[in-house]
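1. how would this look folded up:
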Amino acid sequence: MSVNMQSQVRCVTIDQAHMERLARAILSDLGETSAELGIMFVGDQRMRGLNRRYRGKDRTTDVLAFAMREAFTPHASRLTPDMLGDVVISVPTAWRQAKEAGRPLDEELTWLLVHGILHLCGYDHERSEKEARRMHRRERMILRSIARLPKRSG
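-> Okay, here's the model as predicted:
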């Protein structure tokens with residue numbers, strides 16, 4: 001299991017080691033033990049550009065998921081079936097949402113990471129009400145499971 005993380009945000013320090021442990025736990029929970037995952041933390045301007053380019057929505061959003069398995073074909077030599085995809089999280093949007101909900105930023109980032117990874121695994125709350133309920137149930141199960149992980153190694 002490979003997790004590659006990058007942060008383009010300077011105003012907030014992301015505990016990347018903790019986020020990587022969370023990502024590995026989420027992937028393990030989903031049975032994706034050989035998956036390759038990319039995680040990127042960006043600002044609102046970058047997220048707005050990605051949302052406009054790939055979804056046709058000219059506004060920022062909290063999380064985007066770019067599934068690689070959907071794009072996999074036997075002729076795409078640089079892609080492998082183990083490449084799950086990329087999760088992109090807007091830290092400023094996450095910060096605003098956390099503040100509005102009265103919870104810490106790290107909890108919001110954790111939920112967004114779970115949400116994004118579930119999208120990469122084929123869950124889609126926008127498909128139907130039934131699928132939305134299925135996805136939300138799975139989110140809650142994973143969040144309960146990873147709540148036991150220590151915040152810092154040491």
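2. For the biggest helix by length in the chain, buried residues please.
-> The longest helix of the chain (DSSP state H) is helix 129-146. Of all the residues in helix 129-146, those buried under the rule 16 or more other Cβ atoms under 10 Å are 134-135, 138-139, 142, 146. Every residue, glycine included, has its C-beta placed from N, CA and C.
3. So which bits of stretch 97-106 are buried?
-> 97-98, 106.
4. how about these in CSV, adding distance to Gln6?
-> Formatted as CSV, those follow (distance: Cβ to Cβ, whole Å):
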residue, distance to Gln6
Gln97, 21
Ala98, 21
Asp106, 18
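5. and of those, the nearest to Arg24?
-> Ranked by distance to Arg24 (Cβ to Cβ), these are led by Asp106 at 16.4 Å.
6. Next one: the residue lying closest to the closest one once chain neighbours are set aside relative to Cys121, how far apart?
-> If the residues on either side of it in the chain are set aside, Asp106 comes closest to Asp15, at 7.2 Å by Cβ to Cβ, 6 or more residues apart in numbering. Remark: distance between Asp15 and Cys121 (Cβ to Cβ, to the nearest Å) = 24 Å.
7. For the two, indicate the residue with more neighbours.
-> Shown here are Asp15 and Cys121; by other Cβ atoms under 10 Å, Cys121 has more neighbours (20 against 13).
8. Got the phi and psi for the closest residue to the more buried one other than its chain neighbours?
-> Nearest residue to Cys121, sequence neighbours excluded (Cβ to Cβ, 6+ apart): Leu30, at 5.6 Å. Dihedral pair for Leu30: phi -90, psi 0, per degrees, to the nearest 10.
9. Next one, pLDDT for Leu30 please.
-> For Leu30, the pLDDT comes out at 94.
10. How about the one 5 residues further on?
-> At Ala35 the predicted local confidence, pLDDT, stands at 91.
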